[in-house]
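Enquirer: Let's see this in three dimensions:
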Amino acid sequence: MMSTNEWKVLVVEDEEDSMELVQGLFHHYGIPSIGASSGEEALRILETETPTLIIIDLALPGIDGWGLLNNLKSNRKLTNIPRVAITAYHTAEVANQAIEKGFDAYFSKPLDATSFVRELQGIIED
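Expert: Below you'll find the model as predicted:
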(Lines give C-alpha, C1' and ligand atoms only; values in the text may rest on other atoms or scores of the structure.)
Protein backbone atom coordinates (compact mmCIF):
# COMPACT_ATOMS: atom_id res chain seq x y z
CA MET A 1 0.00 0.00 0.00
CA MET A 2 1.29 3.40 -0.97
CA SER A 3 1.50 5.95 1.81
CA THR A 4 0.01 9.36 1.04
CA ASN A 5 3.35 11.14 1.34
CA GLU A 6 4.58 9.11 -1.63
CA TRP A 7 1.77 10.42 -3.81
CA LYS A 8 2.22 13.25 -6.25
CA VAL A 9 -1.04 14.90 -7.17
CA LEU A 10 -1.48 17.23 -10.12
CA VAL A 11 -4.25 19.73 -9.42
CA VAL A 12 -5.65 21.44 -12.52
CA GLU A 13 -7.76 24.36 -11.34
CA ASP A 14 -8.04 27.91 -12.67
CA GLU A 15 -9.66 29.49 -9.61
CA GLU A 16 -7.04 30.57 -7.10
CA ASP A 17 -9.29 30.00 -4.08
CA SER A 18 -10.13 26.46 -5.13
CA MET A 19 -6.50 25.73 -5.92
CA GLU A 20 -5.41 26.96 -2.50
CA LEU A 21 -8.12 24.94 -0.85
CA VAL A 22 -7.30 21.67 -2.62
CA GLN A 23 -3.53 22.07 -2.30
CA GLY A 24 -3.94 23.17 1.33
CA LEU A 25 -5.93 20.03 1.97
CA PHE A 26 -3.23 17.84 0.46
CA HIS A 27 -0.57 19.73 2.38
CA HIS A 28 -2.50 19.10 5.60
CA TYR A 29 -2.35 15.36 4.94
CA GLY A 30 1.31 15.50 3.89
CA ILE A 31 0.45 14.78 0.26
CA PRO A 32 2.76 16.45 -2.29
CA SER A 33 0.93 18.29 -5.08
CA ILE A 34 1.67 20.37 -8.16
CA GLY A 35 -0.71 23.03 -9.40
CA ALA A 36 -1.62 23.90 -12.99
CA SER A 37 -4.03 26.74 -13.75
CA SER A 38 -5.00 25.48 -17.22
CA GLY A 39 -5.27 22.32 -19.30
CA GLU A 40 -2.40 23.56 -21.45
CA GLU A 41 -0.15 24.04 -18.40
CA ALA A 42 -1.15 20.59 -17.11
CA LEU A 43 -0.09 19.00 -20.40
CA ARG A 44 3.28 20.78 -20.23
CA ILE A 45 3.82 19.52 -16.67
CA LEU A 46 2.87 15.99 -17.74
CA GLU A 47 5.66 15.97 -20.30
CA THR A 48 8.13 15.65 -17.41
CA GLU A 49 6.04 14.53 -14.41
CA THR A 50 4.05 11.35 -13.84
CA PRO A 51 1.63 12.05 -11.01
CA THR A 52 -0.12 9.42 -8.91
CA LEU A 53 -3.44 11.14 -9.50
CA ILE A 54 -4.81 14.11 -11.46
CA ILE A 55 -7.55 16.35 -10.09
CA ILE A 56 -9.26 18.23 -12.92
CA ASP A 57 -11.70 21.10 -12.69
CA LEU A 58 -14.19 20.64 -15.54
CA ALA A 59 -14.58 24.38 -16.22
CA LEU A 60 -11.14 25.49 -17.34
CA PRO A 61 -10.26 28.26 -19.80
CA GLY A 62 -8.83 27.01 -23.11
CA ILE A 63 -8.69 23.22 -23.00
CA ASP A 64 -11.43 22.41 -20.48
CA GLY A 65 -11.57 19.41 -18.16
CA TRP A 66 -13.25 17.24 -20.81
CA GLY A 67 -10.63 18.17 -23.41
CA LEU A 68 -7.85 17.42 -20.95
CA LEU A 69 -9.47 14.06 -20.17
CA ASN A 70 -9.43 13.18 -23.89
CA ASN A 71 -5.78 14.19 -24.13
CA LEU A 72 -4.92 11.94 -21.19
CA LYS A 73 -6.89 9.00 -22.56
CA SER A 74 -5.13 9.19 -25.91
CA ASN A 75 -1.64 9.33 -24.39
CA ARG A 76 -0.32 5.84 -23.59
CA LYS A 77 2.03 7.15 -20.92
CA LEU A 78 -0.79 8.91 -19.06
CA THR A 79 -3.82 6.76 -19.69
CA ASN A 80 -3.48 4.71 -16.47
CA ILE A 81 -3.20 7.67 -14.10
CA PRO A 82 -6.44 8.01 -12.10
CA ARG A 83 -8.38 11.12 -13.05
CA VAL A 84 -10.77 12.89 -10.72
CA ALA A 85 -13.24 15.56 -11.87
CA ILE A 86 -14.23 18.43 -9.61
CA THR A 87 -16.82 21.07 -10.46
CA ALA A 88 -18.87 23.81 -8.90
CA TYR A 89 -21.62 23.22 -11.48
CA HIS A 90 -22.89 19.99 -10.05
CA THR A 91 -25.78 18.05 -11.54
CA ALA A 92 -26.45 14.31 -11.50
CA GLU A 93 -26.12 14.40 -15.28
CA VAL A 94 -22.63 15.90 -15.16
CA ALA A 95 -21.62 13.37 -12.51
CA ASN A 96 -22.80 10.46 -14.68
CA GLN A 97 -21.16 11.91 -17.77
CA ALA A 98 -17.85 12.33 -15.96
CA ILE A 99 -17.74 8.65 -14.98
CA GLU A 100 -19.02 7.47 -18.37
CA LYS A 101 -16.39 9.48 -20.26
CA GLY A 102 -13.52 8.13 -18.19
CA PHE A 103 -13.04 9.99 -14.94
CA ASP A 104 -12.37 7.63 -12.03
CA ALA A 105 -14.33 9.78 -9.61
CA TYR A 106 -16.31 12.99 -9.44
CA PHE A 107 -16.70 15.53 -6.65
CA SER A 108 -18.78 18.66 -6.46
CA LYS A 109 -17.40 21.79 -4.83
CA PRO A 110 -17.16 22.76 -2.10
CA LEU A 111 -15.18 19.62 -1.30
CA ASP A 112 -15.67 17.78 1.95
CA ALA A 113 -12.08 17.52 3.18
CA THR A 114 -12.25 14.22 5.08
CA SER A 115 -14.27 12.17 2.64
CA PHE A 116 -12.37 13.65 -0.33
CA VAL A 117 -8.97 12.37 0.82
CA ARG A 118 -10.44 9.04 1.96
CA GLU A 119 -12.08 8.50 -1.44
CA LEU A 120 -8.85 9.39 -3.24
CA GLN A 121 -7.03 6.77 -1.18
CA GLY A 122 -9.57 4.23 -2.36
CA ILE A 123 -9.02 5.20 -5.98
CA ILE A 124 -5.22 5.06 -5.78
CA GLU A 125 -5.17 1.77 -3.93
CA ASP A 126 -7.56 0.06 -6.31
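Enquirer: What's the separation between residue 100 and residue 66?
Expert: 11 Å (C-beta to C-beta, to the nearest Å). Where C-beta positions appear, they are placed from N, C-alpha and C, glycine not excepted.
Enquirer: The residue most central in space within the chain in helix, strand or coil?
Expert: What sits nearest the mean C-alpha location of the chain, by C-alpha atoms, centre = their mean, is residue 55, with 0.7 Å. Taking DSSP: H, G, I helix; E, B strand; the rest coil as the rule, one finds residue 55 in the strand state.
Enquirer: list the contacts for it?
Expert: By C-beta atoms under 8 Å, 6 or more residues apart in numbering, the contact set of residue 55 is 9-13, 22, 84, 86.
Enquirer: Which of the residues you listed has the largest number of neighbours?
Expert: For the contacts of residue 55, the largest number of neighbours (other C-beta atoms under 10 Å) sits with residue 12, at 29 neighbours.
Enquirer: ok, it - contacts?
Expert: Going by C-beta under 8 Å, 6+ apart, residue 12 touches 36-39, 41-42, 54-57, 60, 65, 68.
Enquirer: Could you check how far it is from residue 108?
Expert: 16 Å.
Enquirer: Check residue 21 too.
Expert: Taken as C-beta to C-beta, the span from residue 21 to residue 108 is 14 Å.
Enquirer: cool, and residue 45?
Expert: Distance from residue 45 to residue 108, by C-beta to C-beta: 25 Å.
Enquirer: What of residue 56?
Expert: 14 Å.
Enquirer: For the two, work out which one has more neighbours and name it.
Expert: residue 56 (25 against 15).
Enquirer: On the strand side of things, show who the more buried one bridges to.
Expert: On the basis of DSSP bridges, residue 56 is bridged to residue 12, residue 85.
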